[in-house]
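> Provide a 3D model corresponding to the input given below.
(one chain, ligands or ions: 2)
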Amino acid sequence: MAQHVRGVVARSKGAPVTVETIVVPDPGPGEAVVKIQACGVCHTDLSYREGGINDEFPFLLGHEAAGIVESIGDGVVDLEPGDYVVLNWRAVCGVCRACKKGKPQYCFDTHNAKQSMTLEDGTALSPALGIGAFVEKTLVAAGQCTKVNPEAPAKVAGLLGCGVMAGLGAAVNTGGIGRGDSIAVIGCGGVGDAAIAGAALAGATTIIAVDTDPRKLEWARGFGATHTINAKEEDPVETIRSYTDGNGADVVIEAVGRPETYKQAFYARDLAGTVVLVGVPFPDMMVPEIPLIDFFGRGGALKSAWYGDCLPSRDFPMYVDLYLQGKFPLDKFVTEEIALDGVDQAFEKMHKGEVLRSVVIF
Ligand SMILES: [Zn+2]
Ligand SMILES: [Zn+2]
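Ligands and ions are numbered 1, 2, ... in the order given. Down below sits the predicted model:
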């Protein structure tokens, strides 16, 4: 029997979101229905509402969630009702060219539920990032459910499902930051701060936070930044060099997604250093003009990180365990707990930079 539950829908471009009745079908083959316990408000949800991702309205928003598996469809073998899971948007297929090369973290054919959740009138919903989790119960592909230790509260565990993993993975997986390394992070919202926390966990000894907002620099300190730079007051490139013996950082994370900050990241890294772009640019932005000789002469690597190059089955349980052991401060990302009807207000606070994460609690 299909179930009727409440969820947050973006009906048209730029319009406020609404709480609607959502029809959730029983899980088909390879699918699972998950009772959501908590779901973080991510910038990508706002981008969907603004029409910045695609035009496939109406969207069922939310994708950074944890909950309990309620039911499973035929053929699901590694999941049972009652399992505590974090939802992921990279349910690896196992057979695409990336998976075949043994690099499932780049899987090009990730799985989502085949059936649609709908509005009461039958209109199919497009779930954000193939999840849709600002809803009491959601339908996903079974592979989108990653089991983690149930001792971690849903409001913190769920954050690994998107933003925190993106930043953490940008530093640790994509950037390859390690013991004794130096790192600079440009843009200290949730993703940038997760990169800082990841670098601290990995043993980086110089962790430089760059932002224009003193409040964000304060947050960055709390996550392990050893130096902070207010880019309104100091030149970030020169100051990053001054904190790294005049050389630049081994890894620079660009968590803003703008040409001017990308250019800063390019020149703020050491020779043979790595730049990781994790901030999401607008489609009309261009690569900044940089002399080609500088690309050649400085060597190193210019990378982009999608979902922190994570492998949910490897990374989610590990970081939940590290959180439970007091080694990774997942809980510090939660600024406020809100109800299902508070998502639009949370977007506003996020836009103004007042919160790291608002989390919807069910
Ligand atoms: Zn694949
Ligand atoms: Zn997200």
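> strands along the stretch 51-200 of the chain, start to end?
59-60, 64-72, 84-87, 118-119, 126-127, 137-141, 145-147, 182-186 (DSSP state E, counting those that start in this stretch).
> what number of residues lie near G82?
Neighbourhood size, G82 [other C-beta atoms under 10 Å]: 9. The C-beta positions use only the backbone N, C-alpha and C, and glycine is treated the same way.
> deepest of the strands of the stretch 51-200 of the chain, which one?
A comparison of those by mean neighbour count, using mean count of other C-beta atoms under 10 Å, puts strand 182-186 on top with a mean of 31.
> can you spell out which helices and strands pack onto it?
helix 190-202, strand 206-211, helix 236-242, strand 249-254, helix 259-268 (3 or more C-beta pairs under 8 Å, 6 or more residues apart in numbering; DSSP states H and E).
> ligand 1 is nearest to which of those?
Closest to ligand 1 of these, according to C-beta to the ion: helix 190-202, at 24.5 Å.
> for that closest one, output the C-alpha coordinates as CSV.
Below are the C-alpha coordinates for helix 190-202, written out as CSV (Å, rounded to 0.1, in the frame of the first residue of the first chain):
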residue,chain,number,x,y,z
GLY,A,190,30.0,24.1,6.1
VAL,A,191,32.1,22.6,3.2
GLY,A,192,35.2,24.6,3.9
ASP,A,193,35.0,23.9,7.7
ALA,A,194,34.6,20.2,6.9
ALA,A,195,37.8,20.4,4.9
ILE,A,196,39.5,22.1,7.9
ALA,A,197,38.3,19.4,10.3
GLY,A,198,39.4,16.7,7.9
ALA,A,199,42.8,18.2,7.5
ALA,A,200,43.1,18.5,11.3
LEU,A,201,42.1,14.8,11.6
ALA,A,202,44.6,13.8,8.9
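> is it positioned near ligand 2?
No: with C-beta under 5 Å from the ion as the criterion, ligand 2 is not reached by helix 190-202; the gap is at least 9.0 Å.
> list the helices and strands that helix packs on?
Helices and strands touching helix 190-202, by 3+ C-beta pairs under 8 Å, 6+ apart, are helix 163-169, strand 182-186, strand 206-211, helix 214-222, strand 249-254.
> again, 7 Å this time
Judged by 3 or more C-beta pairs under 7 Å, 6 or more residues apart in numbering; DSSP states H and E, helix 190-202 is in contact with helix 163-169, strand 182-186, strand 206-211, helix 214-222.
> strand partners (parallel or antiparallel) of the second one?
Sheet neighbours of strand 182-186, with direction, are listed as strand 206-211 (parallel), strand 249-254 (parallel) (DSSP bridges).
> count of neighbours near the residue in the stretch 151-300 of the chain that ligand 2 sits nearest to?
Residue nearest to ligand 2 within the stretch 151-300 of the chain (C-beta to the ion): C162, separated by 3.2 Å. C162 has 31 neighbouring residues, counting by other C-beta under 10 Å.
> cool, and the one 4 residues further on?
The local packing of A166 (other C-beta under 10 Å) involves 27 other residues.
> what does the one 5 residues further on give?
Here the number of neighbours of A171 (other C-beta under 10 Å) works out to 32.
> roughly how far apart are the nearest residue to the residue of the stretch 151-300 of the chain closest to ligand 2 once chain neighbours are set aside and E348?
The shortest distance from C162 to any non-neighbouring residue, by C-beta to C-beta, 6 or more residues apart in numbering, is to E64 (4.2 Å). Between E64 and E348 the distance is 18 Å, computed by C-beta to C-beta, to the nearest Å.
> which residues touch the residue nearest to C162?
C39, G40, C42, G158, L159, G161, C162, G163 (C-beta atoms under 7 Å, 6 or more residues apart in numbering).
> repeat for V360
Contacts for V360 (C-beta under 7 Å, 6+ apart) come out as A38, C39, V41, F134, I338, A339, L340, V343.
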